[in-house]
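[1] have a look at this prediction, sequence included:
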Amino acid sequence: MKTLKNQHFLVAILLISFAFFLVQTHECQAQDWAVPAKYKSMNNPEKDSKEAVSVGKSLWKLHCASCHGNEGLGDGKKSTELDTPMREIGSKEVQAQTDGELYYKSFIGRDEMPNFEKKIPSEKDRWLLVEYMRTLK
């Protein structure tokens, strides 16, 4: 009888620990993504560029669509493999960010969002991609 009580106690402790872990993980993912002030104030030199539709779109398909989806809906084929919930790029929340914030999050990355500084070394291309993201409203 004592062994059964000990097992129940142990199971209860394990379940409580697991629940605590899940809550902490969710809270960490839900936290705001701190963007340094330097980036927040950056302006896109390629704003309203006609190249954004062609160059930005091709970069999107090559580097972003596999997770974020072709239309930025967060439904890319790799999105189901990630722990981080995908946000729609066209959502008010994402579109309300400054160009610099989008730049930082897209190219510096964090956690499951990889760093793309080496994959997209051209500063102009990076900004064209940010400008293309603005068309996904």
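    Cool, the structure landed.

[2] only C-alpha atoms from now on, for both contacts and neighbour counts.
    Noted.

[3] low-confidence stretches in the protein?
    1-31 (pLDDT under 70).

[4] residue nearest the centroid of it?
    Geometric centre of the chain, nearest residue: M113, 5.3 Å, by Cα atoms, centre = their mean.

[5] show me the beta-bridge partners of that residue.
    Taking DSSP bridges as the rule, M113 bridges to R110.

[6] what secondary structure does the residue nearest to K137 when sequence neighbours are not counted sit in?
    Nearest non-adjacent residue to K137, counting by Cα to Cα, 6 or more residues apart in numbering: G90, 3.8 Å away. Three-state assignment for G90 (DSSP: H, G, I helix; E, B strand; the rest coil): coil.

[7] OK, contacts around G90?
    Counting by Cα atoms under 8 Å, 6 or more residues apart in numbering, G90 touches G72, L73, M133, R134, T135, L136, K137.

[8] neighbour count added to those, as JSON lines?
    Putting those into JSON lines (neighbours: other Cα atoms under 10 Å) gives the following:
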{"residue": "G72", "neighbour count": "23"}
{"residue": "L73", "neighbour count": "18"}
{"residue": "M133", "neighbour count": "23"}
{"residue": "R134", "neighbour count": "19"}
{"residue": "T135", "neighbour count": "15"}
{"residue": "L136", "neighbour count": "15"}
{"residue": "K137", "neighbour count": "14"}
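
[9] what values do phi and psi take at the closest residue to F116 other than its chain neighbours?
    Spatial nearest neighbour of F116, excluding adjacent residues (Cα to Cα, 6+ apart): F107 at 4.7 Å. Dihedral angles of F107 (phi, psi; degrees, to the nearest 10) stand at phi -110, psi -30.

[10] against P121, how distant is F107?
    According to Cα to Cα, to the nearest Å, F107 stands 10 Å off from P121.

[11] right, I'll leave it there.
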